[in-house]
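In: here's a sequence, model it:
(one chain, ligands or ions: 1)
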Amino acid sequence: MFTNDYRWPEEFARYYRREGCWQGITFGGLLRNRAERYGDRTAVSSKEREISYRELDRNADRLAAGFYQLGIRRKDRVVVQLPNKPEFFEIVFALFRLGALPVFALPSHRYNEIRYFCAFTEAKMYIAADEDGGFDYRQLAKKIIADVPTVQHVVIAGDAGEFASLGHLYEDPVAFPDVSSEAIAFFQLSGGSTGLPKLIPRTHDDYIYSLHASAEVCELDEHSVYLAVLPIAHNYPLSSPGVLGTLYAGGKVVLSSGASPDEALPLIEQEQVTITALVPPLALIWLEAVPLRQYDLSSLKVLQVGGAKFNAEAARRVKPIFGCTLQQVYGMAEGLVNYTRLDDPEEIIVHTQGKPMSRYDDIRIVDEEDIEVAPGETGELLTRGPYTIRGYYNAELHNKKAFTADGFYRTGDLVRLTPAGYFVVEGRAKDQINRGGEKIAAEEVENHLLAHDSVHDAAVVAMPDKYLGERSCAFVILRSCDQRNQNPVELKAFLRERGLAAYKIPDRIEVIDGFPKTAVGKVNKRVLRQIIADKLQLHEKQA
Ligand code: OOB
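Out: Numbering: from 1, shown residues only. Next comes the predicted model:
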């Protein structure tokens, strides 16, 4: 079942251990240590409840015993799909203690994604909340358990209905032998550019190192209070430094169920939040909202913005409006994370996407022939290091393309380096749309469109958007002329019925007679992007 593609070659593993990057600690061990050190201090706070480090440690043990009784064993995959609730931490640390492997789905994922994650990883269990944001996950669970034979258990946090209730699984603690720190701890999901999302295996050693380095760069300590407004299963709020980096440092995690200023700003005041993380479209909303509200935000030291390119004009407004430093974060679930430093000059903070967090990050910027570009020139970023994966999970063929022979990950990002060694993200070589931080693999959506009877061919591209940075536009060629009046709304409904996450549904659908082609006969997406950008500009002028 497991390929060993994810392993670092032994010479690298030895090097990262020797240099102290990999500390030989597991997540189970980390929480135990922090519980001994920070005991009754609050680890996680939410509207519903507060959990101390000691309680979190104990509840993780109790749940691990409960999961074991259900039949969950070491290396079993468990798809976890939860909103920002304290149970998230008890569940994932329980799974870590057992050596079972969480697959971190996002709350916005729907049947299509969840079924794929369960089937591809041969998951034994699916854990979800009862409902959130008006969506009933129990309905989804019903279909999953019926359609994916490996899934034997569904556990629901909250009102479980016909399923096992999380609340009933807290048993008397049993000691489980610790797992190897070099083993896979969990799976993150790739933003991707292929037809099916790839799974990213992260080990205890590599991820805990990324927490350590992030906590250092972001200057976290036991007095830090991190407000989580983005969905915490995503790599950025999970670990950059995110909720896990905060627990690593002994600080307090405050969970917000939503990202709107009216929910989050009062929490900053009440909980004396010191750091929080946003994607650019949210940062724009908060920048508008803060001057119109009366909240005391003086506890806030750092406002992180990342996941997509943050426009320099907006970046410049952060300090005067929030009275704290902006930190740009350019990272990827595959590993590498870049940060501007808290004491960097304003020009660097505003105009760059930061520099690697670790001196062990290897960086190359190359042209289309994989030759390094001249300093300051733009090229594709390749990277390798102590917390960047060496391969996706069970994706042998794709790994040959996504990684160089000497183990560098091809990010698909076009970047240049400033003389001071900071990245500026200039564009993208991968076939992906970055919709305000949410990543859409064009091919995945195209495949779904092609499943429609009247669609002959489809090409999905990014179109510029003032607020989200990019939105998605699907160009479709219909099978016959009489389908010319195929209603775009109907096509969108078709995708929704297939159970595609809402953010992947094209924002716009354009019917076209044929695609522009490149010299070698491929669909020329550059021209398609231009067509839609010109059309939008024309509309704007007319309006
Ligand atoms: C984060 O992770 P993913 O895996 O959702 O997406 C990674 C991709 C990058 O390859 C890049 O294309 C884009 O998202 N990206 C940015 C960016 N941050 C991410 N593009 C421009 N400017 C930025 N600041 O998005 C992620 C993971 C950890 C920390 C932060 C973000």
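
In: quick one: contacts for the residue nearest the centre of the chain?
Out: Nearest residue to the geometric centre of the chain (C-alpha atoms, centre = their mean): residue 234, 3.1 Å. Neighbouring residues of residue 234 by C-beta atoms under 8 Å, 6 or more residues apart in numbering: 104, 106, 333. The way it works is simple: take the backbone N, C-alpha and C, and place the C-beta from them, glycine included.

In: element containing the residue in the stretch 301-450 of the chain positioned nearest to the ligand?
Out: As assessed by C-beta to the nearest ligand atom, the ligand sits closest to residue 331 within the stretch 301-450 of the chain, at 2.5 Å. Taking DSSP states H and E as the definition, one finds residue 331 inside strand 325-332.

In: and residue 462, what does it touch?
Out: Residue 462 neighbours (C-beta under 8 Å, 6+ apart): 433, 434, 470, 471, 472, 473, 529.

In: of those - the most surrounded one?
Out: Within these, neighbour counts (other C-beta atoms under 10 Å) peak at residue 433, which reaches 27 neighbours.

In: show me what from the protein comes close to the ligand.
Out: Contact residues (C-beta under 6 Å from any ligand atom) of the chain with the ligand: 191, 235-236, 240, 306-309, 328-333, 337, 353, 411, 413, 425, 428, 434, 439.

In: please enumerate residues in contact with the helix or strand where residue 245 lies?
Out: Assigned by DSSP H and E, residue 245 belongs to helix 242-249. For helix 242-249, contacts defined as C-beta under 8 Å, 6+ apart pick out 30-31, 34, 43-44, 53, 89, 207-208, 211-212, 214-215, 218, 220-222, 224-226, 228, 232, 235-239, 241, 252-253, 277.

In: any idea which helix or strand comes after that helix?
Out: Downstream of helix 242-249 (by DSSP H and E), the next one is strand 252-255.

In: give me the mean pLDDT for that next one.
Out: Mean pLDDT, computed over strand 252-255, is 98.

In: so in that sheet, which strands flank it, and in what orientation?
Out: When pairing is defined by DSSP bridges, strand 252-255 lines up against strand 42-45 (parallel), strand 225-228 (parallel).

In: contact partners of the last one?
Out: Read that as strand 225-228. Contacts of strand 225-228 (C-beta under 8 Å, 6+ apart): 84, 220, 237, 241-243, 245-246, 251-256, 264, 267-268, 271-277, 299.

In: the first one too?
Out: Under the criterion C-beta under 8 Å, 6+ apart, residues 34, 50-53, 55-56, 86, 89, 243, 247, 252-255, 271 lie in contact with strand 42-45.

In: out of those, which is nearest to the ligand?
Out: residue 243 (12.8 Å).

In: from residue 289, how far off is the closest one?
Out: 23 Å (C-beta to C-beta, to the nearest Å).

In: the more surrounded of these two?
Out: Taking other C-beta under 10 Å, residue 243 and residue 289 do not tie; residue 243 has more neighbours (26 against 16).

In: all strands for the stretch 101-250 of the chain, in order.
Out: 101-104, 125-129, 131-132, 135-136, 153-157, 164-165, 184-189, 199-203, 225-228 (DSSP state E, counting those that start in this stretch).

In: got the confidence number for the residue nearest to the centre of the chain?
Out: Confidence score, pLDDT, at residue 234: 98.

In: residue 481 now?
Out: pLDDT at residue 481 comes out at 67.

In: now residue 427
Out: pLDDT recorded at residue 427 is 96.

In: excluding chain neighbours, what is closest to it?
Out: Ranked by C-beta to C-beta, 6 or more residues apart in numbering and with sequence neighbours excluded, the top spatial neighbour of residue 427 is residue 414, at 4.1 Å.

In: and the one you found, that's in a helix?
Out: No - assessed with DSSP: H, G, I helix; E, B strand; the rest coil, residue 414 is strand; it does not lie in a helix.

In: that one: neighbouring residues, count only.
Out: Count around residue 414 with other C-beta under 10 Å applied: 17.

In: again with residue 111
Out: For residue 111, using other C-beta under 10 Å, the count is 17.

In: any idea how far residue 494 is from it?
Out: For residue 111 relative to residue 494 (C-beta to C-beta), the value is 14 Å.

In: sorry, back to before: quick one: pLDDT of the residue nearest to residue 427?
Out: 98.

In: correct me if wrong: it contacts residue 382.
Out: No - in this structure, residue 414 is not within contact of residue 382 by C-beta atoms under 8 Å, at 11.8 Å.

In: partner strands of the strand holding residue 331 and their direction?
Out: strand 302-306 (parallel), strand 335-339 (antiparallel).

In: what about it, average pLDDT?
Out: 98.
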